[in-house]
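Peer 1: Attaching a predicted model along with its sequence, questions to come.
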Amino acid sequence: MKRLVLISFLLLLTSVCLFPQTQLLRVGNAAQFFNDPGVEYLNLTVDTVIINGKEYFKIKNNYSPWVNPDYFQISYERIEGDSVHFILSSTNSDSLLFNFNWFPGEIVRSDTDGNYIRLETLDSIKIKTTFTFNDTIYYLGERWININTGDTMSVLPATTELSKNFGRLILGMWTAMNGVKINEVRYGSVLPYPEELKFSLDSIYVPTTMDTGSVFIVNNSDYDVRIDSVISAGGFYGYRGWFTLPQSELWFYLNRTLPNDWMDTLGIIISPHDSVKVSFYAVDLCPICYSDVQDYFIDTLRFVFTYNYYQNYEYDFSRSIQISGEGHPSSIEQADDNPSKFNLYQNYPNPFNPDTKIKFTIPSVGTSSVGTSLMKFPQFVQLKVYDILGKEVATLINEEKQAGFYEINFNASSVSRRISSGIYFYQLRAGSFIQTKKMILLR
């Protein structure tokens, strides 16, 4: 009998080692927890990053994202092999969270509190049905040892449960996992969260005020989500457009907010794993003249979504996307083999990420350095990129150029230092000629 028990235990430990643990450490997977005061929070794996030459999963720990989506913390975790779970500490080094090859009786962590040593130990390992069948569960217990007397006090029952597949199921006596989303499949209860509402593009670009730009809003959750309103962050521009619905189109004019009355709602339902297209076909750069009309525009549109859950309770959250474009139709003249004047054209596309093209012309006639007029000669040309503070970002040209029409590509990812989204300036210098234009980088 003892031999049978030993063989069974060894088989259990072998099964523990065969499969990689905690499926949550996969980009896109999430776990929802319930805390006793009545607050639910979400852990979401959002990305992978390389730190100190090792790959970590970036975890967004969002405390009640449905009420306060901007309140979150970021942690970095990794699995070494298939069993050793590390978290990046404040000193930028690995801190051991758990080793899934540990045996019962192993001390998981130890610390001192006054006259007591607090021990967290692995009490037992069992096979249990959780969100899936035959999950391996590790039960952790807490013990306090009096340093002076040696007396031991146990905290019962075990205060922490770890799932091999899903990570922490129970933390302390007050926090429990409601559900998980693994590889797009929900197990248990996981409410839709902001990251499940995605835009098909990173940003919307409208080439001119009378051109069209559009984007799909995709609902990757398993629930109906309603678009309640759209809010212009800048509030300087007006937008004409439409929502494309399964059976119809809803036309709108957006100036600051849509709808205009805060008590109204758009009421556009996006079904589970479906999408709605929103298009902009005209942009009014100065609907009531809050600002001077520019030769470009840039704004952020915030879409507010509502989800109804249970019977009479609903919560809302939002996602934002940048929209930008040119304020006037393109006025680039046809290229001339023998241009008669200097010209620096607007870059295209603008905004850009990460590439854009810059065109300019060098004239075939001018005045030489010795005062001879109407004479064809090479020009020393500089084309540089600056940030909004006037610091040089890149030198694109720094040499003599013959007369003609030129086009050069600027790649924002190729500069020596990483530059972020924002407004930049590119400047052409040739003799006494200086011309500067704006461009927008959208990461």
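Peer 2: Ah, there it is.
Peer 1: quick one, strands of the stretch 101-250 of the chain?
Peer 2: Remark: strands assigned in the stretch 101-250 of the chain by DSSP state E, counting those that start in this stretch are 107-113, 116-128, 135-146, 152-163, 167-171, 175-182, 185-188, 197-199, 203-206, 213-219, 225-232, 238-244, 249-255.
Peer 1: Outside of stretch 142-149 itself, list whatever touches it.
Peer 2: 112, 115-121, 151-155, 159 (C-beta atoms under 8 Å, 6 or more residues apart in numbering). All C-beta atoms are positioned from the backbone trio N, CA, C, and that covers glycine.
Peer 1: one more time with 10 Å
Peer 2: Stretch 142-149 is contacted from outside by 107-108, 110, 112-121, 123, 151-156, 158-160, 172, using C-beta atoms under 10 Å, 6 or more residues apart in numbering.
Peer 1: Buried ones among these?
Peer 2: Buried residues within the contacts of stretch 142-149, defined by neighbour count using 16 or more other C-beta atoms under 10 Å: 108, 116, 119-121, 123, 158-160.
Peer 1: okay, now the domains of the protein?
Peer 2: For the chain, automatic domain parsing gives the domain ranges 20-188, 200-326, 343-441.
Peer 1: a markdown table for the ones you listed, including mean pLDDT?
Peer 2: A markdown table is the format used below for the domains of the chain (pLDDT from 0 to 100):
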| stretch | mean pLDDT |
| --- | --- |
| domain 20-188 | 86 |
| domain 200-326 | 86 |
| domain 343-441 | 80 |
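Peer 1: I'd like those laid out as a markdown table, including distance to residue 194.
Peer 2: As requested, those are exported to a markdown table (distance: least, C-beta to C-beta, whole Å):
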| stretch | distance to residue 194 |
| --- | --- |
| domain 20-188 | 5 |
| domain 200-326 | 5 |
| domain 343-441 | 20 |
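Peer 1: So for the protein, the centremost residue is which one?
Peer 2: Nearest to the centroid of the C-alpha atoms of the chain, with distances taken as C-alpha atoms, centre = their mean, sits residue 46, at 7.5 Å.
Peer 1: who's in contact with it?
Peer 2: 27-28, 30, 57-60, 74, 195.
Peer 1: Can you tell me the strand partners of the helix or strand where it lies and which way each runs?
Peer 2: In the assignment (DSSP states H and E), residue 46 maps to strand 39-51. Paired strands of strand 39-51, with direction, are strand 30-35 (antiparallel), strand 54-63 (antiparallel) (DSSP bridges).
Peer 1: Residue 166 against residue 128, yeah?
Peer 2: No - assessed by C-beta atoms under 10 Å, residue 166 is found out of contact with residue 128, at 11.6 Å.
Peer 1: mind putting the contacts of residue 46 in CSV, distance to residue 380 and neighbour count included?
Peer 2: Shown next, in CSV, are those (distance: C-beta to C-beta, whole Å; neighbours: other C-beta atoms under 10 Å):
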residue, distance to residue 380, neighbour count
27, 50, 11
28, 53, 15
30, 58, 22
57, 52, 20
58, 48, 17
59, 53, 22
60, 51, 18
74, 49, 12
195, 51, 19
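Peer 1: Show me which of the residues you listed is closest to residue 82.
Peer 2: residue 57 (14.6 Å; C-beta to C-beta).
Peer 1: Check the gap between the closest one and residue 26 for me.
Peer 2: 8 Å (C-beta to C-beta, to the nearest Å).
Peer 1: any common contacting residues for those two?
Peer 2: 45, 48.
Peer 1: For the buried ones among the contacts of stretch 142-149, give me TSV that also has distance to residue 302.
Peer 2: Shown next, in TSV, are those (distance: C-beta to C-beta, whole Å):
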residue	distance to residue 302
108	44
116	51
119	49
120	44
121	49
123	49
158	45
159	41
160	39
